[in-house]
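Novice: sequence unknown, structure follows:
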């Protein structure tokens, strides 16, 4: 009996020592500071089938860095009030307010001032937004910005983007992870010409209600290829 007690006692001590050693020597998660640059790389003006020309523009937007997906919208579901405000008016404040109570360990931010500017504004051809944040291995990034010459279209990834792969920080062009979505909140007009689109509407939240759901844009109008007008890069900076 004494032998058995001694054996179990030694096993418990070994377990405690092993646990302490494993904890002591566990590899810490890598942390990195990142810079994201969103560029309007469109050249000249876009042209509609009707022959109308218009400058491509991107609105101020919002980003989230989190351990979880933190979806800004759900495909096939009605848009939230925050997404409606972002998609129709290029205003990320509704999303910002709605997410503040849900972010937990997430980092939330707004980008709204063009590089070289001193006040919030959309970016026109040649313009860019930039923002920085610090992230820990395992965290993801999602963001959104409005297709400015539309009724309710916005760019966003279909799911949050991993900021680390096999311990290495994300570095490079992520434009191919962004898609053009239709919020389904306002009936679409021809891009660059609609009277109820942000650059021409008399006030925010105007236009005919669509009563639709969020989906990839699919209508009778023509939109520029994403990679021909927009470039998003992520760069580790420490």
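Specialist: Perfect, thanks for sending it. Bear in mind that the values here come from a model prediction, so they are computed numbers and not experimental data.

Novice: ok, then the element right after the helix or strand bottoming out on mean pLDDT in the chain?
Specialist: In the chain, no helix or strand scores lower on mean pLDDT, DSSP states H and E than helix 2-25, which sits at a mean of 46. Proceeding N to C from helix 2-25, the next assigned helix or strand is strand 31-40, under DSSP states H and E.

Novice: Check which residues of the helix or strand containing residue 234 are buried.
Specialist: In the assignment (DSSP H and E), residue 234 maps to strand 230-236. Neighbour counts using 16 or more other CB atoms under 10 Å place 230-234 of strand 230-236 among the buried residues. (Glycine included, C-beta is placed from N, CA and C.)

Novice: What distance do you get for the residue nearest the centre of the chain to residue 161?
Specialist: Nearest to the mean C-alpha position of the chain, by CA atoms, centre = their mean, lies residue 143 at 0.9 Å. Distance of residue 143 to residue 161, computed by CB to CB, to the nearest Å: 9 Å.

Novice: so where's this protein uncertain?
Specialist: For the chain, applying pLDDT under 70 flags the ranges 1-26, 47, 49, 101, 103-105.

Novice: What count of nearby residues applies to residue 166?
Specialist: When neighbours are defined as other CB atoms under 10 Å, residue 166 has 6 of them.

Novice: quick one, phi/psi of it?
Specialist: phi 50, psi 40 (degrees, to the nearest 10).

Novice: One more: residue 201?
Specialist: Torsion angles, degrees, to the nearest 10, at residue 201: phi -70, psi 150.

Novice: hang on, isn't it packed against residue 189?
Specialist: No: using CB atoms under 8 Å as the test, residue 201 is too far from residue 189 to be in contact (10.4 Å).

Novice: before we move on, back to that, the inter-axis angle of the strand holding residue 234 versus strand 31-40?
Specialist: Going by axes from the mean of the first three to the mean of the last three CA atoms, to 10 degrees, strand 230-236 is angled at 160 degrees with respect to strand 31-40.

Novice: Give the pairing partners of strand 230-236; include direction for each.
Specialist: Next to strand 230-236 in the sheet, as set by DSSP bridges, lie strand 31-40 (antiparallel), strand 172-173 (antiparallel).

Novice: can you map out the helices along this structure?
Specialist: Assigned by DSSP state H, the helices in the chain fall at 2-25, 81-89, 93-100, 226-229.

Novice: which strands and helices sit next to the second one?
Specialist: When you say that, I think you mean helix 81-89. The contact analysis (3 or more CB pairs under 8 Å, 6 or more residues apart in numbering; DSSP states H and E) places helix 81-89 against strand 58-66, helix 93-100, strand 140-147, strand 153-157.

Novice: From the rest of the structure, what touches it?
Specialist: Residues from elsewhere that reach helix 81-89 (CB atoms under 8 Å, 6 or more residues apart in numbering): 59, 61-62, 72-73, 79, 91-99, 144, 146, 151-154, 181, 183, 185-186, 198, 204-205, 207, 214.
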